[in-house]
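> sequence first, predicted model second:
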Amino acid sequence: MHSHPRAQRKDWGQVEDAEVAFVSTLLVHCEVPIEHWIITMTLEEICGQNNSMENTDRVQSAGAALEELLVAAKKQDYLTVGVYESAKVMNVDPDSVAFCVLATDEEYECDIALQIHFTLIQAFCFDNDINVVRVHDIESLAALVGADETGEPKDAHCILVTSPSANPWKDPALDKLSLFCEERRSAYDWVPTITLPER
């Protein structure tokens with residue numbers, strides 16, 4: 001597996017107050033109390049531990065579909081990359097969001113502020129019928145979405161695939177991932193984890 005540039009490190013405990021407040025406004029769009037989602041996230045983790053025998057072929061197939069989707073969406077300029085940038089899109093035009101990817105790795109697992117942001121975003125996605133998955137390979141995601149204007153890797157902790165509301169974008173990989181998420185939800189795996197293909 002080839003090495004990739006390290007995703008830009010961001011100390012979420014020191015994010016500017018305005019940015020934290022902006023992400024927190026996602027709660028305004030969620031009709032279900034945040035306490036419910038915190039409980040749901042806890043149950044999700046328990047269920048995830050009990051589903052260790054998940055079908056490997058399906059997960060690998062979903063990983064290939066996710067890579068195809070991100071590459072195609074990038075060419076169409078249908079990607080929004082970054083927690084703050086994604087929160088802005090969700091607030092301004094939630095109907096344009098077709099898919100959500102949350103990414104982390106061992107370095108960020110204990111980052112409480114980032115995990116709170118993830119909980120808010122997941123709650124928003126659930127409340128707006130947006131499929132959301134997790135990926136534990138932020139370096140590969142950062143390599144797929146590319147660098148910012150300064151040449152630094154983008155903040156790939158949250159990636160949205162968007163589509164014009166008036167003329168929704170049709171993509172086979174998106175359809176495959178939607179079906180995968182639907183199947184996982186039927187097994188009470190609300191935010192399935194996907195593994196990207198080795199590069």
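Done, it's in.
> in this structure, which strand has the most residues?
strand 97-103 (DSSP state E).
> who's in contact with it?
66, 69-70, 78, 86, 89-90, 118, 121-122, 125, 128, 130-138, 141, 156-163, 168-169, 174, 177-178, 191 (C-beta atoms under 8 Å, 6 or more residues apart in numbering). All C-beta atoms are positioned from the backbone trio N, CA, C, and that covers glycine.
> what's the PyMOL line that selects buried ones from those?
With 16 or more other C-beta atoms under 10 Å as the criterion, this PyMOL line picks the buried residues out of those:
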select buried, resi 66+69+70+78+86+90+118+121+122+125+130+131+132+133+134+135+136+137+138+141+156+157+158+159+160+161+162+163+174+177+191
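> quick revisit: which SSE is immediately downstream of the longest strand of the chain?
Counting by DSSP states H and E, the next helix or strand C-terminal to strand 97-103 is helix 112-127.
> and that following helix, what's buried?
So helix 112-127, judged by 16+ other C-beta under 10 Å, has buried residues 114-127.
> quick revisit: the longest strand of the chain to helix 112-127, inter-axis angle?
150 degrees (axes from the mean of the first three to the mean of the last three C-alpha atoms, to 10 degrees).
> run me through the strand neighbours of strand 97-103, direction for each.
Sheet pairing of strand 97-103 (DSSP bridges) gives strand 132-135 (parallel), strand 158-162 (antiparallel).
> and the longest helix for this protein?
Counting residues, the longest helix found in the chain (DSSP state H) is helix 56-75.
> what pairs with the next helix or strand after that one, parallel or antiparallel?
As assigned by DSSP H and E, the chain's next helix or strand after helix 56-75 is strand 79-81. Strand pairing for strand 79-81, using DSSP bridges, gives strand 158-162 (antiparallel).
> tell me which helix or strand of the protein sits lowest on mean pLDDT?
helix 34-50 (a mean of 48; mean pLDDT, DSSP states H and E).
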